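Enquirer: Show me the folded form of this:
(4 chains)
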There are 2 protein chains.
Amino acid sequence: MPLKSGRVPPATITRLSLYARRLEELKTARTTVVSSDRLASLCQVNPAQIRKDLTYFGEFGVRGVGYYVEELLFQIHKIIGLNRVWNLGLVGVGNLGTALACYENFSKRGYLFSAAFDNDPRKIGTKLPCGLIIEPVERLIATCRELDIEIGAVATPAERAQEAVDLLVSVPVRAILNFAPAQVQVPEGVEVASVDFAGHLDRLAYHLTSR
Amino acid sequence: MPLKSGRVPPATITRLSLYARRLEELKTARTTVVSSDRLASLCQVNPAQIRKDLTYFGEFGVRGVGYYVEELLFQIHKIIGLNRVWNLGLVGVGNLGTALACYENFSKRGYLFSAAFDNDPRKIGTKLPCGLIIEPVERLIATCRELDIEIGAVATPAERAQEAVDLLVSVPVRAILNFAPAQVQVPEGVEVASVDFAGHLDRLAYHLTSR
DNA sequence: TGGTGTGAACAACTTCACAGCG
DNA sequence: CGCTGTGAAGTTGTTCACACCA
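Expert: Predicted coordinates:
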């Protein structure tokens, strides 16, 4: 949020997230200071990259010393927006959706599934292992507004992904995590992150094929 | 596989995978010919990008016409290695692992979960909804060799990810899809694709925070 | 004519190398 | 003295613009 200079490369944000998770581990291990060299080797990136990434937002280190773990972690959390709780709404409660809603690594980091929607009448009213009760998709707009849901997670079949996204956008939800294997359209200002299982697997297959 | 010129950008492979999936849809829709402009709009990329990507592997189009959908799809499948079946081994059968093993989009594209391993004694011998029977991790090396497993999927807790990877590497498995929220080390020649849920969510949170 | 294939221009990102400071 | 912060150099990836050909 301080944002010292102009545009921040998307890749920088992705790495900031990575740094945060390694710093979390260092903090747990009671490490108080870390150099860009050390953090870089933990993250498998170039040390200069870390220093450059941070300069987009300010100066967080001490020359001749390094970075204070707790302080740097605090700053990165503030930049990303991890100093608060985010309410998520899940659309499509199949095997994958259920696993996601109950995945503890999300809640640990402040991402809370607060509502789940499906259009299978047999699922409505059912309680997930994590305690969430499945609501009909017709309730999506009302519930998302009521519960302050700002991030949507789409885990429907491919054919249903676009309509789920359209609904979320109309709430309005301006950030969507898409697990469905489909390309979805959103208006300006809405950010979509697609978790592309097929893309990852295809890259692995290519690696094995091209040798 | 034809590989006309030197190094292929990783991003090109990721896009090839994307093109393949859109072409699959075009084929299903009985479309026989597609221009780079049309395909580009379906994939939300620049048309020149598509043509450039393809030149790394050969010339697949017809000037003044475009690309024959079926032919181009065939060629891309051959490049990626999707003209065959890949056997996958799953390590860590929690909620997420179960959802993955039973996820039909994998098998549809030739990625077949052929074995699943866990170290919880209560799970061993249990059958997953998809029919797979969970084996003890001690059986991993033997089973992977026996079943020709070339791709590993790691869905263990973070603390267990590195040991799962080490085991897979010793099979040897040279391609690993990692769902655990941990940075893992692999030797030269082994490719890891990490499905980084936290990274995606953090990017979305940043998007919402920085405005 | 119309759309591909591609060198050349451009833009973005990464790494280097070192000045500057605690 | 050591490690950060950063301009400049280097590298990689993307887009343009047009020659070329079915």
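Enquirer: pLDDT of stretch A:70-87, averaged?
Expert: Stretch A:70-87 shows a mean pLDDT of 98.
Enquirer: cool, and stretch A:177-195?
Expert: Stretch A:177-195 carries an average pLDDT of 97.
Enquirer: Name the residues of it that are buried.
Expert: Using 16 or more other CB atoms under 10 Å in any protein chain shown as the test for burial, stretch A:177-195 gives A:177-184, A:186, A:190-195. (C-beta placed from N, C-alpha, C; glycine too.)
Enquirer: Considering only those residues, which also neighbour chain B?
Expert: A:177, A:181, A:183, A:191, A:193, A:195 (CB under 8 Å from any CB of the partner chain).
Enquirer: quick one: the last one and B:Ala198 touch, right?
Expert: No: between A:Val195 and B:Ala198 there is no contact, the gap being 11.3 Å when judged by CB atoms under 8 Å.
Enquirer: picking up where we left off before, could the ones next to chain B among the buried residues of stretch A:177-195 go into a markdown table alongside secondary structure and distance to A:Asn83?
Expert: Below are those laid out as a markdown table (DSSP: H, G, I helix; E, B strand; the rest coil; distance: CB to CB, whole Å):
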| residue | secondary structure | distance to A:Asn83 |
| --- | --- | --- |
| A:Leu177 | strand | 20 |
| A:Pro181 | coil | 34 |
| A:Gln183 | coil | 33 |
| A:Glu191 | strand | 19 |
| A:Ala193 | strand | 20 |
| A:Val195 | coil | 25 |
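Enquirer: Now those in CSV, please, with extra columns for distance to A:Ser107.
Expert: As requested, these are exported to CSV (distance: CB to CB, whole Å):
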residue, distance to A:Ser107
A:Leu177, 15
A:Pro181, 26
A:Gln183, 29
A:Glu191, 22
A:Ala193, 18
A:Val195, 18
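Enquirer: Dump those to a markdown table, plus distance to DNA strand D.
Expert: Shown next, in a markdown table, are these (distance: CB to the nearest atom of the strand, whole Å):
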| residue | distance to DNA strand D |
| --- | --- |
| A:Leu177 | 22 |
| A:Pro181 | 21 |
| A:Gln183 | 16 |
| A:Glu191 | 18 |
| A:Ala193 | 17 |
| A:Val195 | 19 |
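Enquirer: what ranges do the helices span in chain A?
Expert: All helices of chain A, identified by DSSP state H, fall at A:10-28, A:36-43, A:47-55, A:69-80, A:95-102, A:104-108, A:140-146, A:158-170, A:197-209.
Enquirer: B:Asp118 is nearest to which of those helices?
Expert: When the helices of chain A are compared by CB to CB, helix A:95-102 sits nearest B:Asp118, at 15.0 Å.
Enquirer: Close to DNA strand C: what parts of chain A are there?
Expert: For chain A, the contact set with DNA strand C under CB under 7 Å from any atom of the strand comprises A:7, A:9-12, A:45-46, A:48-49, A:51-52, A:62-65.
Enquirer: So the lowest-mean-pLDDT helix or strand in chain A, near chain B or not?
Expert: Using mean pLDDT, DSSP states H and E, the weakest-scoring helix or strand in chain A turns out to be helix A:104-108, at a mean of 94. Yes: using CB under 8 Å from any CB, helix A:104-108 reaches chain B at A:105-106.
Enquirer: Residues in contact with that helix: which ones?
Expert: Contacts with helix A:104-108, where a contact means CB atoms under 8 Å, 6 or more residues apart in numbering or on different chains, come from A:88, A:100, A:112-113, B:158, B:181, B:197-198, B:201.
Enquirer: wait, doesn't A:Trp133 sit right on A:Phe117?
Expert: One thing to correct before we go on: residue A:133 is Ile, not Trp. No: with contacts defined as CB under 8 Å, A:Ile133 does not count as touching A:Phe117, sitting 10.6 Å away.
Enquirer: quick one, which of these two is more surrounded?
Expert: When A:Ile133 and A:Phe117 are compared for neighbours, A:Phe117 comes out ahead with 26 against 11, by other CB atoms under 10 Å in any protein chain shown.
Enquirer: Sort out which residues of stretch A:96-114 are buried, please.
Expert: Across stretch A:96-114, burial judged by 16+ other CB under 10 Å covers A:96-103, A:106, A:109, A:111, A:113-114.
Enquirer: now it, how far from the chain's geometric center?
Expert: In terms of CA atoms, centre = their mean, to the nearest Å, the centre of stretch A:96-114 is found 11 Å from the chain centre.
Enquirer: Next: stretch A:159-168.
Expert: 19 Å.
Enquirer: And for stretch A:16-34?
Expert: The mean C-alpha position of stretch A:16-34 is separated from the chain mean by 18 Å, CA atoms, centre = their mean.
Enquirer: ok, now stretch A:70-87?
Expert: 13 Å.
Enquirer: for chain A, which strand is longest?
Expert: Counting residues, the longest strand found in chain A (DSSP state E) is strand A:111-118.
Enquirer: excluding its backbone neighbours, what's nearest A:Cys144?
Expert: Nearest residue to A:Cys144, sequence neighbours excluded (CB to CB, 6 or more residues apart in numbering or on different chains): A:Val171, at 4.6 Å.
Enquirer: Would you list the phi and psi of that neighbour?
Expert: phi -60, psi -50 (degrees, to the nearest 10).
Enquirer: what pairs with the most centrally placed residue in chain A across the strands?
Expert: Taking CA atoms, centre = their mean, the centroid of chain A lies closest to A:Leu177, which sits 7.4 Å from it. Beta-bridge partners for A:Leu177, by DSSP bridges, are A:Ala153, A:Ala193.
Enquirer: what does the model give the residue in chain A positioned nearest to DNA strand C for pLDDT?
Expert: Nearest to DNA strand C in chain A, going by CB to the nearest atom of the strand, is A:Gly64, at a distance of 2.8 Å. Confidence at A:Gly64, expressed as pLDDT, is 96.
Enquirer: and the residue nearest to A:Lys127 when sequence neighbours are not counted, what pLDDT?
Expert: Of all residues not flanking A:Lys127 in the chain, A:Ile133 sits nearest, at 5.3 Å (CB to CB, 6+ apart). We have a pLDDT of 98 for A:Ile133.
Enquirer: re the thing from before, is the longest strand of chain A positioned near chain B?
Expert: Yes: for strand A:111-118 and chain B, the contact criterion (CB under 8 Å from any CB) is met by A:Tyr111.
Enquirer: any idea how far the residue nearest to A:Pro172 when sequence neighbours are not counted lies from A:Pro157?
Expert: Closest residue to A:Pro172 apart from its sequence neighbours, by CB to CB, 6+ apart: A:Val190 at 7.9 Å. Note on A:Val190: its distance to A:Pro157, by CB to CB, to the nearest Å, is 21 Å.
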